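Asker: Dropping the sequence and predicted coords here.
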Amino acid sequence: MGKVELTLLAFALARGSVAKVMSSLCTITDHLDTQYDASSLLLSMASVRQNLLLKYGKYGNYGKRWG
């Protein structure tokens, strides 16, 4: 079940849906006894960030301003 929850969290993060991110995090905290392999999620997030950098030459809304 842990992989599904991380996948849902990854999609919510990618879409920028705060409500779905919160919902996913609540689901994860409901199963604290489950071990999660978050490395795939972190790699996916790093890949998205790198693709944004290559596409736009900047990171966007990751703590930096556009332009």
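Answerer: Good, I have the coordinates.

Asker: so how far is the longest helix seen in the chain from its chain's centroid?
Answerer: With secondary structure taken from DSSP state H, the chain has its longest helix at helix 39-56. Taking CA atoms, centre = their mean, to the nearest Å, the mean C-alpha location of helix 39-56 is offset from the chain mean by 10 Å.

Asker: what comes up buried for that helix?
Answerer: Buried positions in helix 39-56, judged by neighbour count with 16 or more other CB atoms under 10 Å: 41, 44. Bear in mind the C-beta positions are built from the backbone N, C-alpha and C, glycine included.

Asker: what packs against it?
Answerer: For helix 39-56, the elements it packs on are helix 2-15, judged by 3 or more CB pairs under 8 Å, 6 or more residues apart in numbering; DSSP states H and E.

Asker: the inter-axis angle of the helix it packs on versus helix 39-56?
Answerer: Between helix 2-15 and helix 39-56, the angle comes out at 20 degrees (axes from the mean of the first three to the mean of the last three CA atoms, to 10 degrees).

Asker: helices or strands up against helix 2-15?
Answerer: Applying 3+ CB pairs under 8 Å, 6+ apart, we find helix 2-15 packed against helix 18-29, helix 39-56.

Asker: quick one: low-confidence parts of the protein?
Answerer: 1, 58-67 (pLDDT under 70).

Asker: Quick one: residues contacting the nearest residue to residue 24 once chain neighbours are set aside.
Answerer: Distances taken as CB to CB, 6 or more residues apart in numbering put residue 9 closest to residue 24, at 4.0 Å, once the chain neighbours are dropped. Shown here is residue 9, whose contacts under the criterion CB atoms under 8 Å, 6 or more residues apart in numbering are 21, 24, 25, 28, 41.

Asker: need the helices and strands packed on helix 2-15 in CSV with distance to residue 5, can you?
Answerer: Conversion of the helices and strands packed on helix 2-15 to CSV gives the following (distance: least, CB to CB, whole Å):
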stretch, distance to residue 5
helix 18-29, 5
helix 39-56, 10
